[in-house]
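Visitor: Return a 3D structure for these sequence lines:
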Amino acid sequence: MYVFGGLSGCSATRDARTAVAGGVERLISLNVNGQVRRVDVLPQETLATTLRYKLGLTGTKLSCDRAECGACTVLIDGVTHYSCSTLTHSVRARKVLTIEGLSGPNGELHPVQQAFVEELAPQCGFCTPGQVMAAVALLEANPNPTREEARHALSGNLCRCGAYDNYLNAVMRAARARAVLSANPPGVG
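Guide: Modelled structure (predicted):
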């Protein structure tokens, strides 16, 4: 008998940490937004499902469920990935960053999020978390992108409202703000 979901009072022939289903360990540790979380994961469970329904991180959206729209974009070790097509088991020992992990210690918005607000980028907002995550990855890799480079970086994220120019304006604003901050760091003067 296995113990899953924190059932207490059950005797188990195997320790929950080593319980397997289909040869894959079910109770695993994930590094999500800088915190190590233990979660019971099915062998074919996607990261999007784990994030939303087991960890309560609903900023990652599920839409197409086949790696076509980008609403589920997260960063894994700093690189964008569609979490709807990434098996949760494949991200053990890796760092996963979701939209919820971008905010500062006091809840302040990440500079990319702030730029999106200032540019009024979101319309319905459904695709916004994926757009933001793609923009964050771009600016980490290339702090001074051209508009065409930004367009390419966001090209894997569909916006049903057609707010692409607003999103591109926001990415360029975030890049400019980052450059100003780099040139004039706080507390230096």
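
Visitor: So which residues of the protein form helices?
Guide: Assigned by DSSP state H, the chain shows helices spanning 47-49, 111-118, 128-141, 147-154, 164-183.

Visitor: Go ahead and name everything in contact with the shortest one.
Guide: Outside helix 47-49, the residues that touch it by Cβ atoms under 8 Å, 6 or more residues apart in numbering are 60, 62, 65, 72, 74, 81, 83-84, 86-88, 90-91, 96. (Each C-beta comes from the backbone N, C-alpha and C, glycine too.)

Visitor: Tell me which of those residues fall in strands.
Guide: Val74, His81, Val96 (DSSP state E).

Visitor: Turn those into CSV, columns for distance to Val132, neighbour count and pLDDT.
Guide: Shown next, in CSV, are these (distance: Cβ to Cβ, whole Å; neighbours: other Cβ atoms under 10 Å; pLDDT from 0 to 100):
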residue, distance to Val132, neighbour count, pLDDT
Val74, 11, 29, 99
His81, 15, 21, 98
Val96, 15, 26, 99
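
Visitor: wait, which of those is closest to Ser29?
Guide: For these, the minimum distance to Ser29 (Cβ to Cβ) is 11.6 Å, reached by Val96.

Visitor: Could you pull up the residues touching the spatially closest residue to that closest one that is not a sequence neighbour?
Guide: Leaving aside its chain neighbours, Val96 sits nearest to Val32 (4.7 Å; criterion: Cβ to Cβ, 6 or more residues apart in numbering). Applying Cβ under 8 Å, 6+ apart, we find Val32 in contact with Leu51, Leu55, Leu57, Val96, Leu97, Thr98, Gly101.

Visitor: Is the fourth one bridged to anything, and to what?
Guide: When bridges are assigned using DSSP bridges, the partners listed for Val96 are Val32, Ile76.

Visitor: what separates it from Gly130, distance-wise?
Guide: Here Val96 is placed at a distance of 14 Å from Gly130 (Cβ to Cβ, to the nearest Å).

Visitor: Scan the helices and strands of the protein for the one with the lowest mean pLDDT.
Guide: Least confident helix or strand of the chain, by mean pLDDT, DSSP states H and E, is strand 20-21 with a mean of 50.

Visitor: before we move on, back to that, from the contacts of Val32, which two are the most distant?
Guide: Checking those with Cβ to Cβ, the most distant pair is Leu55 and Leu97, at 13.0 Å.

Visitor: want to try TSV for the helices of the chain, with distance to Val36 as columns?
Guide: Putting the helices of the chain into TSV (distance: least, Cβ to Cβ, whole Å) gives the following:
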stretch	distance to Val36
helix 47-49	16
helix 111-118	25
helix 128-141	21
helix 147-154	29
helix 164-183	29
